[in-house]
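[1] sequence isn't available, so here's the structure alone:
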């Protein structure tokens, strides 16, 4: 039976390691605003850090406050999102900015419930903002954290399918009582999973909690539990077609006729399906002259 390490064995080691190992990401700077942290969390969803950094820097320079973004049409948010992927996040971020202005006087709220009420903010994002922007002691769990906990505590090579309640409870068991230590541990566990306890090539010899890891103690058994659904491949998918259409709409500052989009994709039926879903998602508007980004 793999041994279960105590919270006292894991958290201090991760916090101490993080003090020197943390990557100098711009949204981690001491002087960044809660709004800047919120923007980073929106952008980091399913997107690599290296792709987010330049887009985040440009975004914060252009829209340093929620009010600055809310004053512009959503089309500008979608256009500035460029190729980060999942462009509905741009619409949600714009709507969240409007809601922050309307409900909270232009200031990002600190409590989890108010954050959850904002467009596009789910359980992870709300807790990440509460912790990293305001220093509140709440558990934060992302994919990397889930993998660290699965290995170090449960002795499994991989976490099972996500469960918000179960994952938050597991992290809460490890969370230090001190607010600042809890914030650092939340960030450190993510960093550990992203840079050391990686999915395919974990660097166990340089891991700060190797001596407390149940998976290591058990001899690195292979994972045999349930797995989450695998996303369909991107090439040839409707997601790819949607991305190509969005590229055309972002580049144009006028409606784009349906015929002008024919060169984008050879399969007309799939192209029409992509256009229909973009309209349904609010990312495109169908007008008499063609398709355009949403203006309001």
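    The structure has been received and is ready for your questions. Nothing here was measured: the structure is a model prediction, and the numbers come from that model. Residues are numbered from 1 along each chain as shown.
[2] can you give me the helices in the stretch 1-150 of the chain?
    Counting by DSSP state H, counting those that start in this stretch, residue ranges of the helices within the stretch 1-150 of the chain are 7-21, 34-44, 49-62, 66-70, 74-81, 88-104, 112-116, 123-134, 143-152.
[3] so where's the stretch 1-150 of the chain uncertain?
    Along the stretch 1-150 of the chain, the parts satisfying pLDDT under 70 run over 1-7.
[4] mind doing that once more with 90?
    1-9, 46, 82-83, 85 (pLDDT under 90).
[5] count of residues packed around the nearest residue to residue 149 once chain neighbours are set aside?
    On the basis of Cβ to Cβ, 6 or more residues apart in numbering, the spatially nearest residue to residue 149 that is not a chain neighbour turns out to be residue 170, at 5.2 Å. Every residue, glycine included, has its C-beta placed from N, CA and C. If you count neighbours by other Cβ atoms under 10 Å, residue 170 ends up with 19.
[6] closest to the centroid, which residue in this structure?
    Among the residues of the chain, residue 45 comes closest to the average C-alpha position under Cα atoms, centre = their mean, at 2.0 Å.
[7] ok, the residue lying closest to that one once chain neighbours are set aside - contacts?
    Counting by Cβ to Cβ, 6+ apart, residue 45 lies nearest to residue 89, which is 6.3 Å off, once chain neighbours are set aside. Going by Cβ atoms under 8 Å, 6 or more residues apart in numbering, residue 89 touches 42, 43, 45, 81, 120.
[8] how about the secondary structure of residue 291?
    Secondary structure of residue 291, reduced to three states by DSSP: H, G, I helix; E, B strand; the rest coil: strand.
[9] in this structure it contacts residue 254, no?
    No. Applying Cβ atoms under 8 Å, one finds residue 291 not in contact with residue 254, separated by 10.4 Å.
[10] more neighbours, these two?
    When neighbours are counted by other Cβ under 10 Å, residue 291 comes out ahead of the other of residue 291 and residue 254, with 22 against 8.
[11] what about the closest residue to residue 265 other than its chain neighbours, which helix or strand?
    In space, and not counting its chain neighbours, residue 265 is closest to residue 271: 4.5 Å by Cβ to Cβ, 6+ apart. Using DSSP states H and E, the secondary-structure element containing residue 271 is helix 268-280.
[12] helices or strands up against that helix?
    The helices and strands touching helix 268-280, judged by 3 or more Cβ pairs under 8 Å, 6 or more residues apart in numbering; DSSP states H and E, are helix 238-251, strand 285-287, strand 290-292.
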